[in-house]
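Chemist: With the sequence up front, the predicted model follows.
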Amino acid sequence: MAPPANAQMNILSDEQREEINEAFVLFDNDKDQRIDYHEFKVALKALGFDLPKPEILTLLTTHGIPPDTAARPGIRDPNIPPGRLLLTLQAFQTIAGNLIAARDPRDEILRAFALFDTDDKGMITLEDLRRVAHELGEGLEEDELRAMIEEFDLEGKGGVGREEFIQICMG
């Protein structure tokens, strides 16, 4: 893997940097070390960003290179439409790093909460925790899962509510 592209990547956690690199590798479908418009859009979506087409095209115009790799980012033939430009890993790291660093921590926590609360009932129940533990391949016993819910269910409603979850995550 290439080293971090910029100072923005250095302020991200190791997990966030790894997530960016994994998204690039996973969605570089033709394994040419460059991603095209569609691969870029899907890789960003995997990282939790659903950007509108004009914004994606602007990012490609700013950071992309033409299919002829001799050119450098930002210096391109104006006859090549932005949707045909490609991104290197370093450019993708820069873009994704900036997007992640600008993300509101509360939004991140709410995204994580939604992974548990898939039916949008406003709380994480024992069944939700059991499902996620199973999906992640965690071999947690039923009493361990129950203890987690009991520990953080401050109101005794049988699950961890959205605000309780935010408080747990934000300290």
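Modeler: Okay, I see it.
Chemist: Where does pLDDT dip in this protein?
Modeler: 1-8, 69-77 (pLDDT under 70).
Chemist: next one: phi and psi at the residue nearest the centre of the chain?
Modeler: By CA atoms, centre = their mean, the chain has its centre lying nearest to Leu47, at 2.1 Å. Backbone geometry at Leu47, expressed as degrees, to the nearest 10, gives phi -90, psi 0.
Chemist: Could you do Leu86 as well?
Modeler: The phi and psi values for Leu86, taken as degrees, to the nearest 10, are phi -120, psi 160.
Chemist: Quick check: nearest residue in space to Lys157, chain neighbours excluded?
Modeler: Met123 (6.8 Å; CB to CB, 6 or more residues apart in numbering). Every residue, glycine included, has its C-beta placed from N, CA and C.
Chemist: Can you tell me who that neighbour pairs with across the strands?
Modeler: For Met123, the beta-bridge partners are Gly161 (DSSP bridges).
Chemist: Count the residues that sit near it.
Modeler: Neighbourhood size, Met123 [other CB atoms under 10 Å]: 20.
Chemist: check contacts around it.
Modeler: Asp117, Lys157, Gly158, Gly159, Val160, Gly161, Arg162 (CB atoms under 8 Å, 6 or more residues apart in numbering).
Chemist: For ChimeraX, what selects the buried ones among those?
Modeler: In ChimeraX syntax, the buried subset of the contacts of Met123 is picked out as below (16 or more other CB atoms under 10 Å):
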select :117,159,160,161,162
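Chemist: what domains does the record give for this protein?
Modeler: 7-102, 105-170 (automatic domain parsing).
Chemist: looking at the ones you listed, which is buried most?
Modeler: domain 7-102 (a mean of 16; mean count of other CB atoms under 10 Å).
Chemist: which residues in the chain form helices?
Modeler: With DSSP state H as the criterion, the chain has helices at 7-10, 14-27, 37-46, 53-63, 89-102, 105-116, 126-135, 142-152, 162-170.
Chemist: What does Gly158 show for phi and psi?
Modeler: Taking degrees, to the nearest 10 as the convention, Gly158 sits at phi 90, psi 10.
Chemist: Now do the contacts for it.
Modeler: Met123, Thr125, Leu126, Ile149.
Chemist: Go through the helices of the chain and name the closest to Gly83.
Modeler: In terms of CB to CB, the element of the helices of the chain nearest to Gly83 is helix 37-46, at 4.7 Å.
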